[in-house]
Structures are given as C-alpha cells and as structure tokens.
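Q: coordinates only, sequence not included:
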C-alpha cells in the first residue's frame, strides 16, 4: 500500500511528465460542457474534440441534434466507443432539457450553489458520475476529478488509488483528496494520455512508459528486468 508521501511523489512525477498536457476546451457553457463530457468519457481528448466538433458542425443547432436519428449521431461520434449508447444518452439529455426549459440553456445553474447545481445535473437520465464531475470541474468551478475506466486502471496500477478499488466513486474521493484543485484539469488529461499511449488494458507498454520506475504494476511485472538493465549500465569513469 502506497503511503501518502509516495502517492504525492507519484502525482508530482505524472504532472511534470510529457503526458501532462491540457487538451480541449476548458470554458464552455454548462449544457455544452455536459455534452463534451458525454464524448470525453473513456476517450482521448482528441477523440472527444473531434466528436464534439462533428456535432457542432454537422447539425444546425442542438434542437436538430435532438430530433436526428441515432444512426446520424453515431456517425458524427465515430471514433468513440459505445457510440449507440452515447447517442441515445445525448438525445435523452437534450429532450429532458427542452421539456424542462423549452430552450437549451443551463447557465441558470451558475447562480445556484455548487451542491445544488451538481444535484440538479445528476437528475438527468444521461448523467453519471463522470459527466457530473466533468461539468462541476470545467464549468461550475468546483473541485472534482472525473474517473472513467482508463483513469481508474492507470491510477490503480500506479498506486494512486488502492489496488482493489473497483468503484469509480471510491477512486474519485481518494483522488480529490490527493490532487490539488488547481491541478485537476491537468491531472485528468495526463491520466488519459497515459492510458492512450502506454497503460493499455492488455499488454501495456510498461517498458516505454516514462513512469515505469515509479509504477507499482510495472515494477511487479518488469521489476527484475528494470533492475538488470540499470545494473548492466556502464558506470561513469
């Protein structure tokens, strides 16, 4: 079990690595940030940006998105996993907002307290923990770390959350205590970059990962090889 000091060292290494690069819009209206969050879950920043851009450019407005077919929305969101489910959630979300407000404007949430705004967001059928945390962090100014499957995998392997953690909400609570509010956005994109480039579900590229010497999983699988490689290096004369 990693100590708090070790977790902080791991976090600092991640946030100072080349993986730590913020990609994607930081400031969007609440409704659009919700939609971006739908695209962003279990996707890279680049994949989410492309899907979101397609939704904005292929359809006249959010009302046209609401009344379009699931197949059309799937085509716009190509490149993401589970496009059918995402498309259905998107239509459901826009339908709920329209029936409630007769518009597509959720900026009124900005005037409510953070807790109340987060509660109202969670009431939408398309919402989940990831999207809620995404909007709270990116549009409402709260401290929240959205945790999807790739983020949970990477942080568990690194030792930032406990090895047996399966519940994203448990991981989120732990990470929100560890990651400073000012570093939340950077952390989210760094974890996504790590998952995309090295920390794959099957056959992760541990030997190429810049965090390999700190990663619990890499040390467990390749520890002896890393140690042998370091020992074999010629000492400076």
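A: Yep, that arrived. All values derive from a computational prediction rather than experimental measurement.
Q: what about this protein, any weak spots by pLDDT?
A: Counting by pLDDT under 70, the chain has low-confidence residues at 1-2, 24-26, 223-237.
Q: Select the longest helix from it.
A: The single longest helix within the chain, with elements called by DSSP state H, is helix 83-101.
Q: name the helices or strands packed onto that helix?
A: Contacts defined by 3 or more CB pairs under 8 Å, 6 or more residues apart in numbering; DSSP states H and E place helix 83-101 against helix 30-40, helix 62-67, helix 70-76. Placement of C-beta: from N, CA and C, glycine included.
Q: next structured bit after it?
A: Once helix 83-101 ends, the next helix or strand along the chain (criterion: DSSP states H and E) is helix 114-122.
Q: Tell me which residues of stretch 195-212 come out buried.
A: With burial defined by 16 or more other CB atoms under 10 Å, the residues of stretch 195-212 counted as buried are 195-196, 198-199, 204, 206, 209-212.
Q: again but with stretch 110-118, I slipped
A: Within stretch 110-118, the residues that qualify as buried by neighbour count (16+ other CB under 10 Å) are 117-118.
Q: So what would you say the end-to-end distance of it is?
A: With CA to CA, to the nearest Å as the measure, the ends of stretch 110-118 fall 10 Å from one another.
Q: Centre of the chain to it, how far?
A: Using CA atoms, centre = their mean, to the nearest Å, we find the averaged C-alpha position of stretch 110-118 to lie 22 Å away from the chain's own average C-alpha position.
Q: begin at 531 from here
A: Right, with 531 as the first residue, what we last looked at is stretch 640-648.
Q: on that earlier part again, please dump the buried residues of stretch 725-742 into JSON lines; it should also carry distance to residue 593 and secondary structure for every row.
A: Below are the buried residues of stretch 725-742 laid out as JSON lines (distance: CB to CB, whole Å; DSSP: H, G, I helix; E, B strand; the rest coil):
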{"residue": "725", "distance to residue 593": "35", "secondary structure": "helix"}
{"residue": "726", "distance to residue 593": "33", "secondary structure": "helix"}
{"residue": "728", "distance to residue 593": "41", "secondary structure": "coil"}
{"residue": "729", "distance to residue 593": "40", "secondary structure": "coil"}
{"residue": "734", "distance to residue 593": "43", "secondary structure": "coil"}
{"residue": "736", "distance to residue 593": "47", "secondary structure": "helix"}
{"residue": "739", "distance to residue 593": "45", "secondary structure": "coil"}
{"residue": "740", "distance to residue 593": "45", "secondary structure": "coil"}
{"residue": "741", "distance to residue 593": "45", "secondary structure": "coil"}
{"residue": "742", "distance to residue 593": "49", "secondary structure": "coil"}
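Q: Good, wrapping up.
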